[in-house]
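Asks: Got a sequence here, can you model it:
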Amino acid sequence: MKLPQSVRNLTSVIGASIALISLLIILFLFVVSAIFDIGSSYLGIFIYIALPMVLVVGLILIPVGVLKEKKRLKKHPEEAGAKDWPVIDFNQPAVRNATIIFVAGTICFLILSAIGSYEAFHLTESDEFCGKLCHQVMEPEYTAYQQSAHERVGCVECHVGSGAGWYVKSKLSGLYQVYSVMFNKYPKPIPTPIHSLRPARETCEECHWTEKFYARKINTKRSYLADESTSEWDIHLMMKTSATYSAQGLQEGIHWHINPDIKIEYRAADEGRHSIPWVRYTNLKTGEVKIYEDRSIDTEGVDLETIEMRIMDCMDCHNRPSHNYQSPANFVDDYITSGAISHKLPDIKVVAMDALSTDYTTVDSAMNGIEAYAREYYEIMYPEVLTEKKELYDQAMEAIKTGYKKNTFPEMKVNWTVYPNHLGHLETDGCYRCHNDKHETATGEIISRDCNLCHDILAQGTAGQLAYGTTENPLEFKHPVDINEQWRTTFCSECHFSLY
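Replies: As a prediction, the model looks like this:
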């Protein structure tokens, strides 16, 4: 088959050569990955992204050469039909040298392109790239991540996972994120949940596999009251993450929700999945189906059938596994427990909480505001603290400021109230979104808010005066401050969202 003369030019020949070589390498790597069952995303990036880009460059060179040749022939019509393919005569030293340079250069180009693509890919997979490149935007998430239990788990292992498919999806969505950062189009704060996030069964369950969510756990919590002596209050909880005995698997307990024999589906009335008016339980073994509805949630004018139905998974409770922002009450309690804030300072929790309750516009104004409020308080109420206990005072101020900087980011309008943690029910509704005695079936069965469904109290009380129970006879909850029986009918978050 004779090709048009315009195709027979050096630029088009080079482009065709690059495209052909790239295609052959792609086919070779694809066959290797298929035969040896290599599913690495590193290999996938070469097969599906890096080498195809080189191939496209080669293909682009072909029409570029054709257009250039056509223009040349128009200027020199006498050469039309006379020119054949370029003649390569290796007997001529100049031709040999040019050919060697071209071949060697092409090989080096492809090798360097492959290495560069690999290194670029490796960079985009790094935690530093995810957390530091867009510093202000990602500073809250990166800071919280460095304090989490998943600090040594790479960002991409949860946000992308294995395989080239999700890598491509993440990078395509990242293009808009780059645009948003460059032109200041991103929202403050970044909205959650991320609806395009990869399902937990393909990421979380690579390590936390459902068949081994068996062991129960004792959770000890030390809190401090907002009184002059910052009184200590302890509570020990047996968290019922699973059945009493591991042989029973996931028949009961908190992780029963992800039992492979059942399916929990729900519809949320808001983007944040805080208000849940409809829940469906399906027993996959027996086929039994129950639908629970919370009629106290106003859904007037909303067709529930049009709302996205979500299958419950790990992320519906563990929604902040690596990016949790602690409430001031919690991180101040932790600092007092660790000794960073001394309980020998009178009213120290009151001072800390009041200073932290102000909305500051910048970190600098927060640092100045916290210091100014504390100093003024102690100058009026306990002036001796600033002289006799100045070292403890300075240490406490440093801890309070550090806690603020790790959990509040005014430039991005981020704090713990913006990203509530659904794991629990103290500061936010969390479990009470469904377990509130309001979700009811047509036959009157409810989703109970009974505390003992999820945990038993084994000990509670002030330091040195703890009351003890057992797993067979756990204690009934006692509120640290006498509020009569209100805790039975009021959600904890109704008070603790604002109080401490």
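Asks: how many other residues sit next to His439?
Replies: 25 (other C-beta atoms under 10 Å). C-beta coordinates here come from the backbone N, C-alpha and C atoms, glycine included.
Asks: Next, the distance between the ends of stretch 421-431.
Replies: Its start and end residues considered, stretch 421-431 measures 10 Å (C-alpha to C-alpha, to the nearest Å).
Asks: And the average pLDDT for it is what?
Replies: For stretch 421-431, the mean pLDDT works out to 91.
Asks: Could you do stretch 139-159 as well?
Replies: 90.
Asks: what comes up buried for that stretch?
Replies: The neighbour-count check on stretch 139-159 (16 or more other C-beta atoms under 10 Å) flags Glu139, Pro140, Glu141, Tyr142, Thr143, Ala144, Tyr145, Val153, Cys155, Val156, Cys158 as buried.
Asks: same deal with stretch 334-341?
Replies: Asp334, Tyr335, Ile336, Ala340, Ile341.
Asks: which residues are contacting that stretch?
Replies: Applying C-beta atoms under 8 Å, 6 or more residues apart in numbering, the contact partners of stretch 334-341 are 222, 224, 230, 326, 332, 342-343, 348-349, 352, 395-396, 398-400, 403.
Asks: could you flag which of these are buried?
Replies: 224, 230, 326, 332, 342-343, 348-349, 352, 395-396, 399-400, 403.
Asks: Between those residues, which sits nearest Gly272?
Replies: Gln326 (19.0 Å; C-beta to C-beta).
Asks: For the closest one, give me the pLDDT.
Replies: Reported pLDDT for Gln326: 94.
Asks: Now it: closest residue in space, sequence neighbours ignored.
Replies: With sequence-adjacent residues excluded and distances taken as C-beta to C-beta, 6 or more residues apart in numbering, Gln326 is closest to Asn407, at 5.1 Å.
Asks: got a list of what Val289 touches?
Replies: Arg280, Tyr281, Thr282, Asn283.
Asks: Reformat the buried residues of stretch 139-159 into TSV and put distance to Asp316 next to each item.
Replies: Formatted as TSV, the buried residues of stretch 139-159 follow (distance: C-beta to C-beta, whole Å):
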residue	distance to Asp316
Glu139	27
Pro140	22
Glu141	20
Tyr142	24
Thr143	25
Ala144	19
Tyr145	20
Val153	20
Cys155	21
Val156	22
Cys158	15
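Asks: can you tell me which of these are in helices?
Replies: Judged by DSSP state H, helices contain the following of those: Glu139, Pro140, Glu141, Tyr142, Thr143, Ala144, Tyr145, Cys155, Val156, Cys158.
Asks: can you put the residues you listed in a markdown table and add distance to Gly15?
Replies: Below are these laid out as a markdown table (distance: C-beta to C-beta, whole Å):
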| residue | distance to Gly15 |
| --- | --- |
| Glu139 | 45 |
| Pro140 | 47 |
| Glu141 | 44 |
| Tyr142 | 43 |
| Thr143 | 48 |
| Ala144 | 49 |
| Tyr145 | 45 |
| Cys155 | 38 |
| Val156 | 34 |
| Cys158 | 41 |
